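Colleague: Here is my input; please provide its structure:
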Amino acid sequence: MAASRGHGEKVLIVDDNEANRELLSELLTAEGYLMVCVANGSQALEQIRSGSIDLALLDAGMPRPSGFEICQSMKTNAETRLIPVVLLTSLNTEGDRIRGIMCGADDFLTKPVNKHELLARVYSLLRLKQFTDELDNAESVLFSLALTIEAKDPYTEGHCDRLARYSVALAEKLGLPEDLLIAVRRGGLIHDIGKLAVPERILLKPGPLDPEERRIMEQHTIIGERICAPLRSFRNVLPIIRHHHEKWDGSGYPDGLKGEEIPLTARILQITDIYDALTTARPYRQALPVPEALAIMREEAARGWWDQSLLNEFETRVLERAFPVGSRVS
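Modeller: Here you go, the predicted model:
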C-alpha cells in the first residue's frame, strides 16, 4: 500500500451537494489531510478569511457566490492569492476553463472526480505551496535582519519603511511596472542588509571614517547582494542593493557606474535615501526643513552626484505632498 501523502494540511471543500462533500472528504482524509467542508460560498469565504486553509476545492457551479467568484476573490487578495485553488465542474467546455483561468484557478477537475487524479493534483499543488511558503519565510528572515541593523541606531528608526514608501511613490509617478514597484519597496526595506558584516565600531562611529574603515563600509553593497542572490524573487532587487551608492558622475561605489549605467531603481532609492537623511534628525543636527533639504539636493545634483531629471520628478512629488517630512513619520 502506498504511504499517506498528507501531513496534516488543511483542505477546504466547498460544494452545495452533500454527497460530493462526503466523497471528497473521505478520499482526502484517508490520505492524511485535514478537511473543512462547507455547503456554500458565504461559509467558504469565512473559512478562507480565518487564514488556516492550505488548499481550496471549489464547486464552480454553486449559487452565488460561485466557485469562480470565490476563486477570483482569493486571487485578488494579497493574503490569500497564494492558496492553491482547484475548480470542480460538471462542465468541460472551453469557455468554462477560460473563465476559470481568468479567475486565477490553479487547476480543474471534472465531475465525477477520478480518485487518483484528485489525489495527484492535491499532492502536487500542496507541494508547490510548501516551496512558496519556504520562500516567504526566507524573505521574512531577510526583512527581520534588515530591521536589526536599523535598530542599532535610534536615529534611523523607521528609515527603511519610509524609504520603501517614498521609493514606491516616485516609481509610480515614473510609470514603472508592478514587478519593479515591488522591487523598489523591497529595496527600501533591505538595501543596507550587507551592513550585517560591518563591525559596530565602524557602523556607529560618530566621526568620519578613516580610509580602511571606509573600505570596509563600502563592501556592504556587495555583501548585501551576495546575501540576497539565492532568492530568485529578488532578482530585481539585487541591482538596487549593489548600486544605491553609485553617483551620476562615476565617483560612487562599488563599480563606479556613470549616468544611466546606474539602474533606474537604484537611482530612485538614492534620491529618496538622501531626502530622508536630510529631513530626519541626527545626533549632530536637527531635521532640515523640506525647502532647505531640496536646495542641498539640487546643489549636489549640480555637482554631478545625482540624476537631475529624476530629482526634478521627486521634487514635484514632494511639492504635491506625496511625502511627509521623515522625522514626523511614525
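
Colleague: Can you report phi and psi for His38?
Modeller: Not quite, residue 38 is Val, not His. Dihedral angles of Val38 (phi, psi; degrees, to the nearest 10) stand at phi -130, psi 160.

Colleague: quick one: buried residues of stretch 34-45?
Modeller: Going by neighbour count (16 or more other C-beta atoms under 10 Å), the buried part of stretch 34-45 is 35-41, 44-45. The C-beta positions use only the backbone N, C-alpha and C, and glycine is treated the same way.

Colleague: Which single one of the residues you listed is nearest to Thr89?
Modeller: Thr89 lies nearest to Gly41 out of the buried residues of stretch 34-45, by C-beta to C-beta, at 14.9 Å.

Colleague: Just confirm the closest one contacts Cys71, I think it does.
Modeller: No: here Gly41 does not reach Cys71: they are 10.3 Å apart, not a contact under C-beta atoms under 8 Å.

Colleague: so how far is the helix of greatest length in the chain from its chain's centroid?
Modeller: Criterion DSSP state H: the longest helix present in the chain is helix 115-151. Helix 115-151 sits 13 Å away from the centroid of its parent chain (C-alpha atoms, centre = their mean, to the nearest Å).

Colleague: if I pick Leu142, what's in contact with it?
Modeller: 190, 193, 227-228, 231 (C-beta atoms under 8 Å, 6 or more residues apart in numbering).

Colleague: Going along the chain, name the helices of this structure.
Modeller: Remark: helices assigned in the chain by DSSP H are 18-29, 41-49, 67-75, 94-103, 115-151, 159-173, 178-190, 200-203, 211-218, 220-228, 238-243, 264-278, 290-302, 308-319.

Colleague: For the shortest one, list the C-alpha coordinates in PDB.
Modeller: C-alpha atoms of helix 200-203 as PDB (Å, rounded to 0.1, in the frame of the first residue of the first chain):
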ATOM      1  CA  GLU A 200      29.600  48.100  15.100                       C
ATOM      2  CA  ARG A 201      32.600  50.200  15.900                       C
ATOM      3  CA  ILE A 202      32.500  51.400  12.200                       C
ATOM      4  CA  LEU A 203      28.800  51.300  11.700                       C
END
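
Colleague: can you tell me the average pLDDT over it?
Modeller: Helix 200-203 shows an average pLDDT of 85 in the prediction.

Colleague: Enumerate the positions of it that are buried.
Modeller: Quick answer for helix 200-203 (16+ other C-beta under 10 Å): 202-203.

Colleague: Where does the prediction get shaky in the chain?
Modeller: Applying pLDDT under 70 to the chain flags the ranges 1-6, 91-93, 134-138, 151-156, 283-284, 322-330.

Colleague: show me the contacts for Leu257.
Modeller: Residues in contact with Leu257 (C-beta under 8 Å, 6+ apart) are 243, 246, 250.

Colleague: Nearest to Leu264, out of these: which one, please.
Modeller: Distance to Leu264 across these (C-beta to C-beta) is lowest for His243, with 10.3 Å.

Colleague: how far away is the closest one from Pro230?
Modeller: Separation of His243 from Pro230 (C-beta to C-beta, to the nearest Å): 19 Å.

Colleague: and the two? which has more neighbours close in?
Modeller: Neighbour count, other C-beta atoms under 10 Å: between His243 and Pro230, His243 has more, with 24 against 8.

Colleague: Tell me, how many residues neighbour the closest residue to that one other than its chain neighbours?
Modeller: In this structure, His243 finds its nearest non-sequential neighbour in Ala266, 3.9 Å apart by C-beta to C-beta, 6 or more residues apart in numbering. Neighbourhood size, Ala266 [other C-beta under 10 Å]: 22.

Colleague: picking that back up, mind putting the contacts of Leu142 into CSV with distance to Tyr123 and neighbour count?
Modeller: Output for the contacts of Leu142, formatted as CSV (distance: C-beta to C-beta, whole Å; neighbours: other C-beta atoms under 10 Å):
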residue, distance to Tyr123, neighbour count
Ile190, 34, 25
Ile193, 36, 24
Ile227, 33, 19
Cys228, 31, 24
Leu231, 26, 15
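
Colleague: Which two of those residues have the greatest separation?
Modeller: Greatest spatial distance among these (C-beta to C-beta): Ile193 and Leu231, at 11.6 Å.

Colleague: any idea which of the contacts of Leu257 is the one closest to Arg185?
Modeller: Using C-beta to C-beta, His243 comes nearest to Arg185 of these, at 17.0 Å.

Colleague: Surely that closest one touches Lys258?
Modeller: No: the criterion here is C-beta under 8 Å, and His243 misses it with Lys258 at 11.4 Å.

Colleague: and the residue lying closest to Ser25 once chain neighbours are set aside, what does it touch?
Modeller: Computed as C-beta to C-beta, 6+ apart, the closest residue to Ser25 that is not its neighbour in sequence is Met35, at 4.6 Å. Met35 is in contact with 10-11, 13, 25, 28-29, counting by C-beta under 8 Å, 6+ apart.

Colleague: do that again at 10 Å, thanks
Modeller: Contact partners of Met35, counting by C-beta atoms under 10 Å, 6 or more residues apart in numbering, are 10-13, 21, 24-29, 57.
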